[in-house]
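In: Return a 3D structure for these sequence lines:
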Amino acid sequence: MLNKLRAFIGHNKYEILVVSFLLLIFGDTPRSMTFSILFLPLQNMLVAVVVFFDQKKMRYAITGMIGLTLAISLFNCCYFTRVGSGAILVIYFLYFMLISVKVYQKIFTTRRVSAEMMATVLCGFILLCLAGAILFITIEVNIPHSYSNIGLGPVRFSNLSYFSFTTLLTIGYGDIVPLTLTAKRSVMLMGITGHIYTVFLTGIIIGKYIQAGTKQHYTVEIQ
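Out: Have a look, this model is predicted:
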């Protein structure tokens with residue numbers, strides 16, 4: 001039973017990771033500060049530990065990040081402080097970068113188009129959007145009022161996450177607007193990055209699909 005479970009996780013690791021990322025994005029609808037800031041990212045980290053359990057360095061690195069996050073959060077709860085909130089943000093950023101490396105490695109090394117590859121591409125896009133959200137909130141914390149209509153408190157990150165997704169998807173509703181020069185530059189950077197990612201990945205997927213079709217056609221002709 002355990003071997004079957006491990007085999008299932010091994011064959012569907014990126015599909016499982018996509019579900020966890022979707023929960024991370026859409027799971028903060030109740031708007032609970034503790035739930036959205038602590039539990040949702042932690043569930044994603046725990047899923048990553050399970051998914052990459054066979055890779056010792058990844059397992060130890062993510063487990064260490066979970067331990068640091070819990071230690072800082074416990075300290076803040078016990079002493080009613082917000083010391084280390086920036087450190088938690090840095091931990092999340094490093095975690096997303098670590099997962100991004102694995103995801104993009106998978107995209108470039110996969111030889112055929114499959115459900116796993118599509119899930120990996122979706123993971124890569126979600127990670128890019130989350131990196132944009134962290135960039136935006138970092139700018140907002142250091143240069144207050146850099147973005148309009150983002151609210152106060154923990155809701156800022158949710159709104160800036162939404163803004164990051166709409167920016168990379170080039171939707172641009174206009175309800176949130178960058179006000180400072182730094183904020184405008186960050187939006188330009190994320191817009192360009194999102195466009196490059198979409199065009200570049202589309203080219204890779206089409207290329208792999210055509211290559212696989214050509215090989216299959218060549219094999220049939222030989223037979």
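
In: Residue 208 - how many residues pack around it?
Out: Close neighbours of residue 208, defined as other Cβ atoms under 10 Å, add up to 17. (Glycine included, C-beta is placed from N, CA and C.)

In: swap in residue 77?
Out: 11.

In: how about stretch 137-145: buried residues?
Out: Burial within stretch 137-145, assessed by neighbour count using 16 or more other Cβ atoms under 10 Å, is assigned to 137, 138, 139, 140.

In: In terms of secondary structure, what does the helix or strand that the second one is a member of contact?
Out: Assignment of secondary structure by DSSP states H and E places residue 138 within helix 115-142. Judged by 3 or more Cβ pairs under 8 Å, 6 or more residues apart in numbering; DSSP states H and E, the packing partners of helix 115-142 are helix 13-26, helix 85-109, helix 155-168, helix 181-222.

In: Distance of residue 100 relative to residue 168?
Out: When distances are taken as Cβ to Cβ, to the nearest Å, residue 100 and residue 168 turn out to be 14 Å apart.

In: Okay, now the unreliable bits of the protein?
Out: Low-confidence regions of the chain, defined here as pLDDT under 70, cover residues 1, 28-38, 78-85, 209, 211-223.

In: Grab the most central residue of it for me.
Out: For the chain, the residue nearest the mean C-alpha position is residue 127 (2.4 Å; Cα atoms, centre = their mean).

In: winner for burial among the helices and strands packed on helix 115-142?
Out: When you average the neighbours per residue for each of these (mean count of other Cβ atoms under 10 Å), helix 155-168 leads with a mean of 20.

In: ok, and what's touching it?
Out: With contacts defined as Cβ atoms under 8 Å, 6 or more residues apart in numbering, helix 155-168 is touched by 25, 28, 31, 36-37, 125, 128-130, 132-133, 135-137, 140, 147, 149-151, 172-173, 176, 187, 190-191, 193-194, 197.

In: Quick check: buried residues in stretch 42-60?
Out: Neighbour counts over stretch 42-60 (16+ other Cβ under 10 Å) mark 42, 44, 45, 47, 48, 49, 50, 51, 52, 58, 59 as buried.
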